[in-house]
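> sequence plus the predicted model coming up.
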Amino acid sequence: MTKSPNPPFIIGLTGGIGSGKTTVSDYFAKLGIDVIDADVISHTITAKGSPVLDKLALAFGTDIITDGRLDRTYLRKIAFANDAKLATLNAIIHPAIRTQIKHELDHASSPYAILSAPLLLESIKGDDKGLTALCDRILVVDVPTEQQIKRASRRDGQSDEDILAIMDKQIGREKRLSHADDVLDNSHDVNSLYQQINQLHQKYLIMANNMAKNQ
C-alpha cells in the first residue's frame, strides 16, 4: 500500500464489534505508541453544536439528539436497519473522520502509530482503498463469533439480535482475516493478549526503524 511519507509507520487496527479493539489500543498507548482512534474522533466531530451533528439531525430527525448530544445507540439502530440510511450516515460522517485522522497521523511522534478503526476494511470500495490506504500493515483482533456476541451484548446492554444486526453490516470474520498482515487472538485471558501485543510491539519497532532508514 502507498501513503504519504509524512506520518510514521502506520498500523491499521480493526476487528468486529466486541472483539476487544479498545483493550488492544489502550495497551499500545501504555507502551508509548500514539493511537489515533476513529471512534474517539467520531465522538469529537459529532459533539454538541458541531456542524456534523446538525447534518445528522437534518438527515435523521431531531430524535437522534438528547439534551443537545447525539444518541449514538438510537442512531445506530436506525442506520443499521436500512442500507440507504447507513449509506447516508457514512456519507456525512466518514469524510470528516478521515480529514481528522490524516491530521492526527501527520502529527504523530512515536516510532509507529496505531490507527484504530472498527470499519477500516469496510471503507474499501472497489478501487478506493479507503482508510487502508493510510496504513502500512493491517492488524486484526480476532475472537470466535459466539464470544463476540456475548462480549458486545454485555458491554452495550443490547440484545443478541441487535448485535447480530450490527455484525451483519460488518465484513465477515473470514474476509477480515484474509486482509490481515497480523492477527491478535483475543479468545483467551488478557495476559495472553498482552503477551501477543508485546511481541508485535518489538516487531513493529524494528519495521519502523528500517522504514525510517530507507526514507
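Here it is on my side, so go on.
> now the helices for the protein?
Taking DSSP state H to define them, one finds helices in the chain at 21-30, 38-45, 51-60, 72-80, 83-106, 145-156, 160-169, 173-178, 190-214.
> tell me where the model's unsure across this structure.
1-7, 156-157 (pLDDT under 70).
> quick check: domain ranges of it?
Using the TED database, the domain parsing of the chain gives 1-34+112-208, 46-107.
> picking that back up, turn the helices of the chain into TSV, columns for mean neighbour count and distance to residue 115.
(C-beta placed from N, C-alpha, C; glycine too.) Listed next are the helices of the chain as TSV, based on neighbours: other C-beta atoms under 10 Å; distance: least, C-beta to C-beta, whole Å:
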stretch	mean neighbour count	distance to residue 115
helix 21-30	18	10
helix 38-45	17	7
helix 51-60	16	20
helix 72-80	17	21
helix 83-106	15	7
helix 145-156	16	21
helix 160-169	15	21
helix 173-178	13	16
helix 190-214	14	13
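> and of those helices, who's closest to residue 123?
helix 83-106 (7.1 Å; C-beta to C-beta).
> is residue 114 in contact with residue 28, as I believe?
Yes - the criterion here is C-beta atoms under 8 Å, and residue 114 meets it with residue 28 at 5.0 Å.
> next, show the common contact partners of the two.
Listed as contacting both residue 114 and residue 28 by C-beta atoms under 8 Å, 6 or more residues apart in numbering are 13, 35.
> wait, what's in contact with residue 56?
With C-beta under 8 Å, 6+ apart, residue 56 has these contacts: 46, 64, 70, 75, 89, 92-93.
> can I get the domains of the chain in CSV including distance to residue 40?
Conversion of the domains of the chain to CSV gives the following (distance: least, C-beta to C-beta, whole Å):
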stretch, distance to residue 40
domain 1-34+112-208, 8
domain 46-107, 10
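> can you say which of these is nearest to residue 214?
domain 1-34+112-208 (10.5 Å).
> chain center to stretch 97-114, what's the gap?
How far stretch 97-114 lies from its chain's middle: 13 Å, per C-alpha atoms, centre = their mean, to the nearest Å.
> end to end, how far does it reach?
Distance across stretch 97-114, first residue to last, is 15 Å (C-alpha to C-alpha, to the nearest Å).
> swap in stretch 169-176?
First-to-last residue span, stretch 169-176, C-alpha to C-alpha: 13 Å.
> quick one: residues in contact with that stretch.
The contact list for stretch 169-176 (C-beta under 8 Å, 6+ apart) reads 14-17, 80, 86, 118-119, 121-122, 140, 142, 145.
> ok, now with 7 Å
16-17, 80, 86, 121-122, 140, 145 (C-beta atoms under 7 Å, 6 or more residues apart in numbering).
> how about stretch 95-103?
Contacts to stretch 95-103, defined as C-beta under 7 Å, 6+ apart, come from residues 36, 38, 41-42, 45, 52, 115, 131, 134.
> can you list these in JSON lines and add distance to residue 164?
Below are the contacts of stretch 95-103 laid out as JSON lines (distance: C-beta to C-beta, whole Å):
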{"residue": "36", "distance to residue 164": "29"}
{"residue": "38", "distance to residue 164": "23"}
{"residue": "41", "distance to residue 164": "27"}
{"residue": "42", "distance to residue 164": "22"}
{"residue": "45", "distance to residue 164": "28"}
{"residue": "52", "distance to residue 164": "28"}
{"residue": "115", "distance to residue 164": "27"}
{"residue": "131", "distance to residue 164": "25"}
{"residue": "134", "distance to residue 164": "30"}
